[in-house]
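S.K.: Sequence first, predicted model second:
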Amino acid sequence: MTENARDRVARLFARQYGAPPASISAVAADGSARRYFRMPTPEGGTVIGGYGSDRRENRAFLSFSSSFRTAGLPVPEILAENRRQGIWLEEDLGDDSLFDLLAAARAEGGAFPDEMLELYSAVVRILPRFQVDGGRVVNFRVAYPRRAFDRQSMAWDLNYFKYHFLKLAHVSFDEARLERDFSKLLRFLLEADREHFMYRDFQSRNIMVRAGEPWFIDYQGGRRGALQYDVASLLYDAKADLPSGVREALLHCYVEALEEVAGVDAATFMVHYRGFVLIRIMQAMGAYGYRGFFERKPRFLQSVPYAARNISDFLEEGLPVPLPELEAVFSRIARRWADDESQNGQESALRVDVTSFSYRTGYPEDRAGHGGGYVFDCRGISNPGRRAEFVHMNGLDDPVASFLEAQPEATSFWEGVRRLTESHVEAYRRRSFSSLSIGFGCTGGQHRSVYFAERLTRHLAELYPDLEVVVTHRERGSWPAP
């Protein structure tokens, strides 16, 4: 990227509202290469700015958003866009996803509280409107990477599971027999009606809740496909870990709504439902393997035990068609992971202390007393403090962050920091260590070290939600007044 995404979004905001944003803060994007920023509007509200590097994916998202709005479906309004630069402004739906609310409700006690059942029921009642009403108005010609969930798309998902989960996790299988099972499963799935809008990634993290009502995001992978796939995605969403009784109740609620919207009867729908549950579970496990094993993002592997328990339950009910090698592979996965708590976010508590400091006043104190961790020297990166406009700012300020992110040496520095820190965090958690120290030093402890300390703190908090990360800016008291 030759130009900073933050600056692009800020300029689009200025064109829309007549002045630059008073502030701009990054918004976490779960598992996405897209970048999002929140900015206050002159009217007192907030707006989200988005950047995506894939023009065809952006085109699908923006086109689908417009079509869904015309159909009265609850998706964010697109307020401005510049497709050439890959940026847009959209309505801010807040920070509460369906997954976040479920996790918070469970933390207060109760496997699946009644209020969550009501919210999930509202979600599954809306879903047929996306599939049927939305399917009538969207332009499937812009769907990306395929216009339909056809044989090719399905084969990609099955191979995703084979190459990015089975092979990377070293799950044994006979490739010829597995391919025969894949062919048999494909023939079965292709018998289903596939003439509706398929959301593709219909899961709890892509459903926002505002004022008690569900709103929907991240449908850019949508295409023409089968009705069964999306409800399977939601009900078998691994870390949501829905109880089987809740799944059954929600499936019944969905089918009732589907009968009203499309006249599809339950018996017809259920013929192929479990087949689409099967392929969705495999697609998700391929994603966990790719993100976790290949990209080394361990939080995605935390979903594997949940998915393995879904597989175990699925095996008890039997596969929808005879698939002997796939059944054997699933049995191996269930035996290895279904009862495994070690990869389920249950590692011993680890605290990471992140400190920014000035080399003029010496290295930071080792609070834990064991000297474990790293100290990174930021002085090889261009110093914003030598520029007049930044003298009274610090690494917490957006202009300083934008300046540093535009420096090529800052990008390579960050990648090295990220890789080393992630590997150390994982090793410390495996070995049940309780403390890790990370320091960033620069000349004055005001700009570069502060920026990278904050960036690492946000990154670790997003990557490891259960990790305690504490940031300290040692020289804060000596920073010039703004």
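M.R.: Now that the structure is in, tell me what you want to look at.
S.K.: quick one, helices of the stretch 301-450 of the chain?
M.R.: 304-317, 324-337, 398-405, 408-430, 448-463 (DSSP state H, counting those that start in this stretch).
S.K.: what residues does the shortest one touch?
M.R.: Counting contacts by C-beta atoms under 8 Å, 6 or more residues apart in numbering, the residues outside helix 398-405 that touch it are 4, 6-7, 23-25, 381-382, 384, 387, 389-390, 393-395, 410-411, 447-448, 451. Every residue, glycine included, has its C-beta placed from N, CA and C.
S.K.: quick one: low-confidence parts of the stretch 201-350 of the chain?
M.R.: Counting by pLDDT under 70, the stretch 201-350 of the chain contains low-confidence residues at 340-348.
S.K.: try it again with 90
M.R.: 239, 263-265, 291-303, 313, 317, 336-350 (pLDDT under 90).
S.K.: if we can go back for a sec, which of the contacts of helix 398-405 fall in strands?
M.R.: S25 (DSSP state E).
S.K.: circling back to that earlier point, any idea which of the helices of the stretch 301-450 of the chain gets closest to A111?
M.R.: Nearest to A111 among the helices of the stretch 301-450 of the chain is helix 304-317 (13.6 Å), distances taken as C-beta to C-beta.
S.K.: which other helices and strands contact that closest one?
M.R.: helix 266-289, helix 324-337 (3 or more C-beta pairs under 8 Å, 6 or more residues apart in numbering; DSSP states H and E).
S.K.: Which parts of this protein are strands?
M.R.: Under DSSP E, the chain gives strands at 25-27, 35-40, 46-51, 78-82, 87-91, 196-198, 207-210, 213-216, 223-225, 351-358, 373-377, 435-442, 468-473.
S.K.: got a list of contacts for the fifth one?
M.R.: The one in question is strand 87-91. By C-beta under 8 Å, 6+ apart, strand 87-91 touches 5, 8-9, 12-13, 16, 47-51, 58, 62, 65, 76-82.
S.K.: The same query, at a cut-off of 7 Å, please.
M.R.: For strand 87-91, the surrounding residues in contact (C-beta atoms under 7 Å, 6 or more residues apart in numbering) are 8-9, 12-13, 16, 47-51, 62, 76-81.
S.K.: Quick one, which of those are buried?
M.R.: Neighbour counting by 16 or more other C-beta atoms under 10 Å classes 8-9, 12-13, 47-51, 62, 76, 78-79, 81 among the contacts of strand 87-91 as buried.
S.K.: Quick one: closest of the strands of the chain to E108.
M.R.: Going by C-beta to C-beta, the one of the strands of the chain nearest E108 is strand 207-210, 16.3 Å.
S.K.: quick one: buried residues of that closest one?
M.R.: I207, M208, V209.
S.K.: And that strand, what does it pack against?
M.R.: Packing partners of strand 207-210 (3 or more C-beta pairs under 7 Å, 6 or more residues apart in numbering; DSSP states H and E): helix 98-107, strand 213-216.
S.K.: Minimum distance to P145: which of those has it?
M.R.: Among the helices and strands packed on strand 207-210, if distance is taken as C-beta to C-beta, the winner is strand 213-216, at 20.7 Å.
S.K.: Packed most tightly, which of the helices of the stretch 301-450 of the chain would that be?
M.R.: helix 448-463 (a mean of 22; mean count of other C-beta atoms under 10 Å).
S.K.: Quick one: residues in contact with that helix.
M.R.: 28, 297, 299, 352, 354-357, 376, 378, 381, 383, 394-396, 400-401, 404, 414, 417-418, 421-422, 425, 438, 440-442, 467, 469, 471, 473.
S.K.: Quick check on the contacts of helix 398-405: which are buried?
M.R.: Using 16+ other C-beta under 10 Å, the buried ones in the contacts of helix 398-405 are 4, 6, 24, 381-382, 384, 390, 393-395, 410, 447-448, 451.
S.K.: now those as CSV including pLDDT and distance to R180?
M.R.: Converted to CSV, the buried ones among the contacts of helix 398-405 look like this (pLDDT from 0 to 100; distance: C-beta to C-beta, whole Å):
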residue, pLDDT, distance to R180
N4, 81, 51
R6, 89, 51
I24, 91, 54
I381, 95, 55
S382, 94, 59
P384, 94, 61
F390, 94, 64
M393, 94, 63
N394, 94, 62
G395, 94, 58
A410, 93, 51
H447, 96, 61
R448, 97, 58
Y451, 96, 55
